[in-house]
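K.L.:
structure for the following, please:
(one chain, ligands or ions: 4)
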Amino acid sequence: MNNLDEGVEFLPAMNSKKMEKRGPRRPVVITVLIIVFLLVSLTTGLLFWHFKYRNIPVQKVFNGHLRVLNWEFLDAYENSSSPEFSMLARKVKSTVEEIYKNHADIGPYHKETVITAFSEGSVIAYYWSEFLVPKYREESLNRAIADKQSLVQRWNPRLRNPMLKVESVIAFPVDPSIAHSARDNSCMFSLHAKEGEVTSFTTPGFPNSPYPNNALCYWALRADASSTISLTFKTLELEPCRDDSDYIKVYDSLSPVEPHALVRLCGNYAPSYNLTFLSSQNVMLVTLVTNKEGRFPGFKAEFFQLPKLKACGETLKGDSGTFTTPYYPAHYPPDMDCVWNIEVPSIKNVKVRFNMFFVLEPGIPVSSCTKDYVQINGTRYCGERSQFVVASTTNKIELRFHSDQSYTDTGFSAEFLSYDSSDRELKPWGWGGESDFPEMWSCPSSVFTLPCKLGSSLFQGHSSMPCFTENLLVFLLCSAVSRHRKLCRRDVEGTPRGLMCGFVPFSLSACPGKFTCNTGRCIDRSMRCDGWLDCVDGSDERSCTCTEQQFKCQNGWCKPRFWVCDNVNDCGDNSDELQCTGQTTVPCKEYTYKCRSGHCISKQNPECDGEQDCEDHSDEDNCNCGLRSYVRKSRIVGGQNSDVGEWPWQVSLHVKGQGHICGASLVSASWLVSAAHCFLPLQGIRYSDPSLWTAYLGLTDQGDRSGPNVQTRKIKRIISHPFFNDYTYDYDIAVLELQSPVTFTAVVQPICLPDATHNFPVGKDLWVTGWGATAEGGTGAAILQKAEIRLINQTVCNQLLTDQLTPRMMCVGILTGGVDACQGDSGGPLVSVEPSSRMFLAGVVSWGDGCAQRNKPGVYSRLTSLRDWIQEHTGL
Ligand SMILES: *[C@@H]1O[C@H](CO)[C@@H](O)[C@H](O)[C@H]1NC(C)=O
Ligand SMILES: *[C@@H]1O[C@H](CO)[C@@H](O)[C@H](O)[C@H]1NC(C)=O
Ligand SMILES: *[C@@H]1O[C@H](CO)[C@@H](O)[C@H](O)[C@H]1NC(C)=O
Ligand SMILES: *[C@@H]1O[C@H](CO)[C@@H](O)[C@H](O)[C@H]1NC(C)=O
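P.N.:
Numbers count the residues shown, from 1 in each chain. Ligands and ions are numbered 1, 2, ... in the order given. A predicted model of the protein is given here:
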């Protein structure tokens, strides 16, 4: 205020016109004028600041609820137009206003409170309150509102006999986008579940017209007291997820407050993803918030009431058994605690295997597990995990499951097993010991004479997964041995499953004088923090202090500094390649990416990686490919069955009267890529005749070829590579033109074609898919199968295959079991998932080793070396 006074005092000096005329004093006058001007500006500025930023009030809206203890719930309270509702609402409103009035940090700023709903218990009232508060008082208002204890305590004692006895006055700030239209009730619905019936509701206009833009819709769902609600979205298609895209939120409350949010949904979901949600009480709120653009169908949902769970968890006895989170595979209810006490016969030990594990809360690091978690013997588990095992050193185990008030997930499906404690002894290489996988595979012991490190150097200079190579090495050696003995690979029964097979000895005891991996394996201390993964789970490379010469990866591993920005993902999480800016133009070489402008850049695999690397942006052109439409990963339980829409570029090629013969990949609306050998004449049939063939797209189940999402096309042209050699299978590639283009949908999408310079590094994860059938009625699967496999060093593979590989071929090994090796069909896709999560066609299923049958893959046509030929014939 001082400044203001000063400013006022100086005003009389404005009388300066008189002075102006006195010649000699002119400079003084000008100086005074300038000073006055400056002071006036300063004053105006301060006043402006004062009113604009200190005093101009901001609008704040809080959503909340409170409990009225001395009041009985009436059915009429569910109808907000009933006189009973209005009467109680008036009382609650004046109580809330009274509470606010008594608080200096709240009272002066309160503008309005509206009671929106009631539910049982005794009566819970839901409301929102609006405030106009100067910016500088905002924090104290937030604090006062958040402090539910003091709010009521300050108030209740003053009135000896308050009409309403209230407690738990809780409110939370509302997202401004929702607060904006908190008063509009044109899209508000209130539904009560009917005993033994399912109630449905949809977005406005569903299914005939899209939901409106700029909408805010509420569905308040209720059930009878002491029941809970099961809500399922039967169909759901919203705007694809972005930060500001349309979304649905489901709350375990009648008030849309974040601490009770169960899920946020956007985009669309694979049919296998379970969209069922459970409440903890007899109310639930569904909200839809839409932005100003985009038109999408919306949803149809159903709900019904269930008796409230009495207890969760149980005591389990016996040799083995299974158990799951409540309502699995629906999303488990919020706010619950379950305990399972598991006991096996006393001479045995017990372990629990989680076959499915989805306990993920958005924004919660898996390392902390502070919200929802499973706890066993003091250790918490949360997040999304692949199959894992927790073992006890006794015959008992206690497992706790906790879900907090917000965000739920699918939960887990687990089994417990007993095992002999003597199984845990370490074998020299860990082979043949207790495995976490039922189908244990043991090779003849004479084969295993190569130490792990030698195995890894055989495969790649600095592979980030030596243990994988260990595994693979064993596999390959067995394969080679079988070949030598003229045995089929198939004769080796039950190959190991997954990464953790065989060589992970099962031990819970510490390793004397050695380092113990989290998996229990013992390794030499010198292997800890040496930049190599020696434990399958990487635990030997975690929490390392990196030396001067080392770079610390985001996942905590230490890698030599000179590996940073070398275009190889050494960290495993690519963090060593992230900060490498400044893509410079380099001289063009055989393996440098060439932009359309003719310039070459040093970055490896720049196509469609989401960054513009070429000056002309040609590396990011034509990138409408290689992505799945569904938001979440498939959650198909067990096996290698694919989900609908999981591989939208997969094509099934049928021949009239013979059914499915070969696979192919969709690379544009009109072109497929397949294998040339599919079109070789056989038994008098000219398979090169396009009129014999029909392509099925969007197909998952061969039995469902007339399904609504399946597109069928005849073939116009088949172009096989002119150099295709039907003896060596060199140049085993063909392109097929469809008679008419397909329509891209959620289940029909093209795969990206890699540039000829694209590098698929040795050891990279690849996926092969196919029905594995050679003829209708053969042994193929009805459901599209998938298998994860890894690229093998060409030199090593060529030795194993006695020099049968040409540069147009690539060799891929198996991790997930011998049987899978024979899956996939000729012509089908081998795809790689790039760091941008886009998928590229790496190969085409060509021929198999070992079993000497064409359709047993193992060797693939190498897309990059055939890329120019594809371009020449398809223009792609
Ligand atoms: C809600 O109450 C009003 C006023 O009593 C009544 O006209 C209306 O039918 C009621 N609505 C329902 C759904 O019961
Ligand atoms: C989701 O889970 C519920 C409850 O277990 C089950 O009834 C429903 O069939 C499941 N839906 C899907 C698509 O798996
Ligand atoms: C629980 O953990 C402790 C040490 O973390 C271990 O000594 C004990 O054997 C474990 N108990 C069971 C039942 O696994
Ligand atoms: C493949 O292995 C050979 C011999 O072990 C090695 O010289 C070569 O560098 C490896 N190639 C790749 C791409 O890792």
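
K.L.:
all helices of the stretch 151-300 of the chain, in order?
P.N.:
Listed in chain order, the helices of the stretch 151-300 of the chain (DSSP state H, counting those that start in this stretch) span 176-179.

K.L.:
go on, the chain?
P.N.:
Along the chain, counting by DSSP state H, helices occupy 2-10, 17-20, 26-49, 83-101, 138-146, 148-155, 176-179, 452-459, 466-484, 794-800, 863-874.

K.L.:
would you mark the buried spots in the longest one?
P.N.:
Of the residues in helix 26-49, those scored as buried under the neighbour-count criterion (16 or more other C-beta atoms under 10 Å) are 29, 32, 36, 39, 43. Heads up, the C-betas are built off the backbone N, CA and C, glycines and all.

K.L.:
ends of stretch 68-81, what's the gap?
P.N.:
Using C-alpha to C-alpha, to the nearest Å, one end of stretch 68-81 lies 20 Å from the other.

K.L.:
wait, does that stretch contact ligand 1?
P.N.:
Yes - counting by C-beta under 6 Å from any ligand atom, ligand 1 is contacted by stretch 68-81 at 79, 81.

K.L.:
pLDDT averaged over that stretch - what is it?
P.N.:
The pLDDT scores in stretch 68-81 average 89.

K.L.:
show me what from the stretch 51-200 of the chain comes close to ligand 1.
P.N.:
By the rule C-beta under 6 Å from any ligand atom, the part of the stretch 51-200 of the chain lying against ligand 1 is 79, 81-82.

K.L.:
no, scratch that, I was asking about the chain
P.N.:
Contact residues (C-beta under 6 Å from any ligand atom) of the chain with ligand 1: 79, 81-82.

K.L.:
and which of those is nearest Val366?
P.N.:
Asn79 (45.5 Å; C-beta to C-beta).

K.L.:
ok, the closest one touching Ser86?
P.N.:
No - applying C-beta atoms under 8 Å, one finds Asn79 not in contact with Ser86, separated by 10.2 Å.

K.L.:
my guess is Gly298 contacts Ser209, does it?
P.N.:
No - if you go by C-beta under 8 Å, Gly298 and Ser209 don't touch, sitting 9.1 Å apart.

K.L.:
the more surrounded of those two?
P.N.:
Remark: of Gly298 and Ser209, Gly298 carries more neighbours, 26 against 12, as counted by other C-beta atoms under 10 Å.

K.L.:
residues contacting the more buried one?
P.N.:
Residues counted as contacts of Gly298 (C-beta atoms under 8 Å, 6 or more residues apart in numbering) are 202-206, 210-211, 236-238, 288.

K.L.:
thinking again about what came up before, among the buried residues of helix 26-49, which ones lie close to ligand 2?
P.N.:
Residues of those in contact with ligand 2 (C-beta under 6 Å from any ligand atom): none.

K.L.:
for these, which one is nearest ligand 1?
P.N.:
Thr43 (59.2 Å; C-beta to the nearest ligand atom).

K.L.:
just the pLDDT at the closest one, thanks.
P.N.:
On the pLDDT scale, Thr43 is placed at 75.

K.L.:
quick one: it from Val36, how far?
P.N.:
Distance of Thr43 to Val36, given as C-beta to C-beta, to the nearest Å: 11 Å.
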